[in-house]
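S.K.: Predicted model and sequence below, questions to follow.
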Amino acid sequence: MKQEFTLSIYSENHVGLLNQVTTVFTRRHINIESLTTSESAIPGIHKFTIVVFTSREQVNKLMLQIEKRIDVIKAYVFTADEIVHQEVALYKVKTESLLNGNEIERLVRQYGARILEVTKEYTVIEKTGHKRETQELFEKLDHFGVQQFVRSGRIAVTKLKEELLSNYLKKLEKEKSLLD
Amino acid sequence: METQTQTSTMEAKEMKKKRMSGSEAVMQSLLHEGVDLLFGYPGGAIMPVYDALYHYQDKLNHILTRHEQGAVHAAQGYARVTGKVGVCFVTSGPGATNAVTGIADAMVDSTPLVVISGQVASPLLGTDAFQETDVVGITQPITKWNYQVKRAEEIPEAIAKAFYIARTGRPGPVLIDITKDAQFAQFDFEYKPVNKVRSYKPRTAVKLDKVAEAVRLINLAKKPLALVGQGVVLGGAENELMEFLQKTGMPAAWTLLGLSAMPSDFEQNVGMLGMHGNYGPNVKTNEADLIVAIGMRFDDRVTGNVQKYANNAKVVHLEIDPAEINKIIYADVPVLGDVKESLPMLTDMVSKNNHEAWLSEFKACDKIETQKIIQPELFPAKEGLTMGEVIRRVTEQYSDDAIMVTDVGQHQMMASRYFKFKQTRSVVTSGGLGTMGFGLPAAMGAKLGQPERPVCLFVGDGGFQMTIQELGTIFQTQADVKIILLNNNFLGMVRQWQELFFDRRYASTELINPDFQVIAKGYGIATEKVTERDDLDAAVNRMAEHKGAYLLEVVVEKEGNVFPMVPTGASVSDIRLE
């Protein structure tokens, strides 16, 4: 059964790593629903957050292939209930459509969105939330004509009490000193 | 007092550092890694490295091949027979792209290589400069690791890391791309071997609970079958394998790359798995109640249809690469780790057993195979020479101690079936990638790696012509390679498939060949051509007695087929005998 998974991949910060990670997906024809990269809390370690829609078996194989890349430190897979996640969406609408009645204002309030910039010609609205919520706002705003719409990739942190990566790095140090 | 000590340590450190160019640092780094032989081909972007090599010729023996593909295959041959890391130099652009086939071959067959490619000067990167290609991008999916060096200071660490990654864990090829300006730049050289990389875990400690579970299954099994792969050879676990097999008494079949991991005549050795393997191990895979896979990866040429593979068996999988577990065949008990470590743990705990009745079932299969296939192949009643009888004659000549090198195709399967092995690391063949043209350069590399052992190359007339220019390298190095050219004037394996599955439509498989005798003579290589059965025996004797490279061309039957055969999509137990 296919379902949504969020992958947190930690790597060294080298040129070309994005390509190394994404080819693992493309070679197996697995679509990346969203992808975000940033620094992690640990200096020098980079974090990829990738959302895929696939089976548990397939995602487990993916994780092993990703971890096989030498510069990847560790990869974790989560289902939605194991993480707190967020996306941000921007909507550009004509300012004049704001002026005709108060429907857009109502939507902005209702969806907890905010207005980032207003010029004579256009207005930029921002909303953070899950994909379903930002999509819903898009559909409602689109009645008034959305000129541009963009949604970021997912970012996520785990709900776990322990920090998986820090613990893994500590364990690694211990194991390696034992093997030496 | 303290300051004094500090100063003297610093002085000692400075003493260890020596100012030199990036190119000389490449030589020094290779010497630190114990390299004494390497293969390559010069060109613009790697010229500073070759200039440095000029001053190190007494310590580093560089073999100039005739093509970069030849350099990489030769390094593979060298690595496979020695267990050391094969090393190559290639230039940027076409030099690097010519190396790609060999690198991909080494990746899929887990062969440790360090390929050093020259690159255009760093200010030119990304400008489509002359002979610039994105070789790091191109080789990313076919290397275990690759890295571009743009500053001379990075060279020692990059090379140290390259060797560490290439030879540890599941071995593989590493490419280091060095820009020309980094080769020229001067810096203070200091070499520190690498034995730790934070993001890389070459091996896992074997888990006792998994061993215990595996032992329980092995002790319970009535019909266990061991599948022996190259992991045994790569881990140097041949003795550990024998002890395990002798104690459990279970039959053992080898994969193509597992050949020579145990002696051919070991009584529990039931032959080769896979598409053109032996009848017994294929059929009995589906009757076995336990599969013990040892350092192998269930390639599709081994499994046939996976839905119909070993359905009566539990699977114990001993493997160093975590990504191989459950990739193709679900492992009831995965035993992660080096087989050199895990096998003795199993041997210690399993009960002494024998499986005579089960082994005799394999013998019954052998009888059928001998009668239907082996006998007619080795002792043919028909007029034309068969590949099998030539291989049999050659293997007898060398009483099992030669290294068998093959190219790819019918002769490869025939040689794998009929060549006999006494010692490990006696096989050099392109398994996973199936690279035609692999054989000739790989045989030369193997001979240079093991000069004391006879090296027999079996090659077809198709693959021979893919890297035939390496006869020039063999001539120049005087490498004593015995080349047995099995000439059927066909791309035989493709032709066989056309015969069986494409209704004999022989599209572009028949070859009009040059006179190979004249070609060999042109390269100064002793040569002989055999067309009649009666001449074979004496010809093989003459080849063996000749000191130096020898081409023995044997004209074999034009439309011979390799059997048995598991057709694509069929189950291993549906193996065809005709």
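M.R.: Cool, got the structure. Numbers count the residues shown, from 1 in each chain, chains lettered A, B, ... in the order given.
S.K.: For the stretch 51-200 of chain B, just list every one of the helices.
M.R.: Taking DSSP state H, counting those that start in this stretch as the criterion, the stretch 51-200 of chain B carries its helices at B:68-82, B:94-108, B:135-139, B:155-167, B:180-184.
S.K.: Out of those helices, which is closest to B:Pro344?
M.R.: Nearest to B:Pro344, of all the helices of the stretch 51-200 of chain B, is helix B:155-167, at 21.9 Å by CB to CB. Bear in mind the C-beta positions are built from the backbone N, C-alpha and C, glycine included.
S.K.: what's the closest non-adjacent residue to residue 80?
M.R.: As the question left the chain open, I've gone with chain A. Nearest residue to A:Ala80, sequence neighbours excluded (CB to CB, 6 or more residues apart in numbering or on different chains): A:Glu4, at 6.3 Å.
S.K.: ah, no, chain B please
M.R.: Leaving aside its sequence neighbours, B:Arg80 sits nearest to B:Val428 (CB to CB, 6+ apart; 4.7 Å).
S.K.: Bridge partners for the one you found, pull those for me.
M.R.: B:Val428 forms beta bridges with B:Val405, as assigned by DSSP bridges.
S.K.: any idea how far it is from B:Ile320?
M.R.: Plainly put, B:Val428 is 21 Å away from B:Ile320 if you go by CB to CB, to the nearest Å.
S.K.: B:Thr139 too?
M.R.: Distance, B:Thr139 to B:Ile320, using CB to CB: 23 Å.
S.K.: Could you do B:Leu536 as well?
M.R.: B:Leu536 sits at a distance of 43 Å from B:Ile320 (criterion: CB to CB).
S.K.: Give the residue from these two that has the larger number of neighbours.
M.R.: Neighbour count, other CB atoms under 10 Å in any protein chain shown: between B:Leu536 and B:Ile320, B:Ile320 has more, with 24 against 18.
S.K.: so the more buried one sits right up against B:Leu336, yeah?
M.R.: Yes. B:Ile320 is in contact with B:Leu336 according to CB atoms under 8 Å; the separation is 7.4 Å.
S.K.: So for stretch B:525-544, what gets flagged as buried?
M.R.: By 16 or more other CB atoms under 10 Å in any protein chain shown, the buried positions in stretch B:525-544 come out as B:Ile525, B:Thr527, B:Glu528, B:Lys529, B:Val530, B:Arg533, B:Leu536, B:Ala539, B:Val540, B:Met543, B:Ala544.
S.K.: what's the overlap in contacts for B:Ile320 and B:Leu336?
M.R.: Both B:Ile320 and B:Leu336 are in contact with B:Thr204, where contact means CB atoms under 8 Å, 6 or more residues apart in numbering or on different chains.
S.K.: my guess is B:Val114 contacts B:Val85, does it?
M.R.: Yes. In this structure, B:Val114 is within contact of B:Val85 by CB under 8 Å, at 5.6 Å.
S.K.: Now for those two: what residues contact both?
M.R.: B:Phe163, B:Ala166.
S.K.: one step back: following the one helix or strand the residue nearest to A:Ala80 maps to in sequence, what is the next regular element?
M.R.: In this structure, A:Glu4 sits in strand A:2-12 according to DSSP states H and E. Heading C-terminal from strand A:2-12, the first helix or strand you meet, by DSSP H and E, is helix A:17-27.
S.K.: between that following helix and strand A:2-12, how many degrees?
M.R.: 150 degrees (axes from the mean of the first three to the mean of the last three CA atoms, to 10 degrees).
S.K.: what number of residues lie near the residue nearest to B:Arg80?
M.R.: 28.
S.K.: Contacts only, for it.
M.R.: B:Val428 neighbours (CB under 8 Å, 6+ apart): B:Gln76, B:Gly77, B:Arg80, B:Val81, B:Ile403, B:Met404, B:Val405, B:Thr406, B:Ala442, B:Ala443, B:Gly445, B:Ala446.
S.K.: which non-adjacent residue is nearest B:Ser424?
M.R.: That one is not Ser; residue B:424 is Thr. B:Glu238 (4.8 Å).
S.K.: Revised request: answer the last question for B:Met565.
M.R.: Nearest one to B:Met565, counting by CB to CB, 6+ apart, is B:Arg576 at 5.0 Å.
S.K.: Backbone dihedrals for the one you found, please?
M.R.: phi -90, psi 130 (degrees, to the nearest 10).
S.K.: quick one: it from chain A, how far?
M.R.: Using CB to the nearest CB, to the nearest Å, we find B:Arg576 at a distance of 32 Å from chain A.
S.K.: how close does that residue get to A:Arg109?
M.R.: If you go by CB to CB, the gap between B:Arg576 and A:Arg109 works out to 74 Å.
S.K.: Which positions in stretch B:122-140 come out as buried?
M.R.: B:Leu124, B:Ala129, B:Gln131, B:Glu132, B:Thr133, B:Val135, B:Val136, B:Ile138, B:Thr139, B:Gln140.
S.K.: picking up where we left off before, which of the helices of the stretch 51-200 of chain B sits closest to A:Gly44?
M.R.: Of all the helices of the stretch 51-200 of chain B, helix B:155-167 comes closest under CB to CB, at 15.9 Å.
S.K.: show me the contacts for the residue nearest to B:Thr424.
M.R.: Contacts of B:Glu238 (CB under 8 Å, 6+ apart): B:Val232, B:Ala261, B:Met262, B:Thr424.
S.K.: which residues sit in contact with the first one?
M.R.: Read that as B:Val232. B:Val232 neighbours (CB under 8 Å, 6+ apart): B:Glu238, B:Leu241, B:Gly258, B:Ala261, B:Ile294, B:Gly295, B:Val339.
S.K.: Reformat those residues as CSV; add secondary structure and pLDDT.
M.R.: Below are the contacts of B:Val232 laid out as CSV (DSSP: H, G, I helix; E, B strand; the rest coil; pLDDT from 0 to 100):
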residue, secondary structure, pLDDT
B:Glu238, helix, 98
B:Leu241, helix, 98
B:Gly258, coil, 98
B:Ala261, coil, 98
B:Ile294, strand, 98
B:Gly295, coil, 98
B:Val339, helix, 98
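S.K.: most surrounded residue in these?
M.R.: B:Gly295 (32 neighbours).
S.K.: residues touching that residue, list them.
M.R.: Contacts of B:Gly295 by CB under 8 Å, 6+ apart are B:228-235, B:237, B:258, B:318-320, B:339.
S.K.: and the helix or strand A:Leu35 falls within, which residues are buried?
M.R.: Counting by DSSP H and E, the element that carries A:Leu35 is strand A:32-39. For strand A:32-39, the neighbour count (16+ other CB under 10 Å) marks A:Glu33, A:Ser34, A:Leu35, A:Thr37 as buried.
S.K.: where's the third one relative to chain B, distance?
M.R.: Yep, that's A:Leu35 we're talking about. For A:Leu35, the distance to chain B - CB to the nearest CB - is 18 Å.
S.K.: same question, the first one
M.R.: The gap separating A:Glu33 from chain B is 22 Å, by CB to the nearest CB.
S.K.: Go ahead and confirm that residue touches A:Thr49.
M.R.: No. The criterion here is CB under 8 Å, and A:Glu33 misses it with A:Thr49 at 11.0 Å.
S.K.: those strands in chain A, which residues are they?
M.R.: A:2-12, A:32-39, A:45-55, A:72-78, A:83-94, A:114-118, A:122-129, A:146-151, A:155-158 (DSSP state E).
S.K.: got CSV for those, with mean pLDDT too?
M.R.: Below are the strands of chain A laid out as CSV (pLDDT from 0 to 100):
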stretch, mean pLDDT
strand A:2-12, 96
strand A:32-39, 95
strand A:45-55, 96
strand A:72-78, 96
strand A:83-94, 96
strand A:114-118, 95
strand A:122-129, 96
strand A:146-151, 96
strand A:155-158, 94
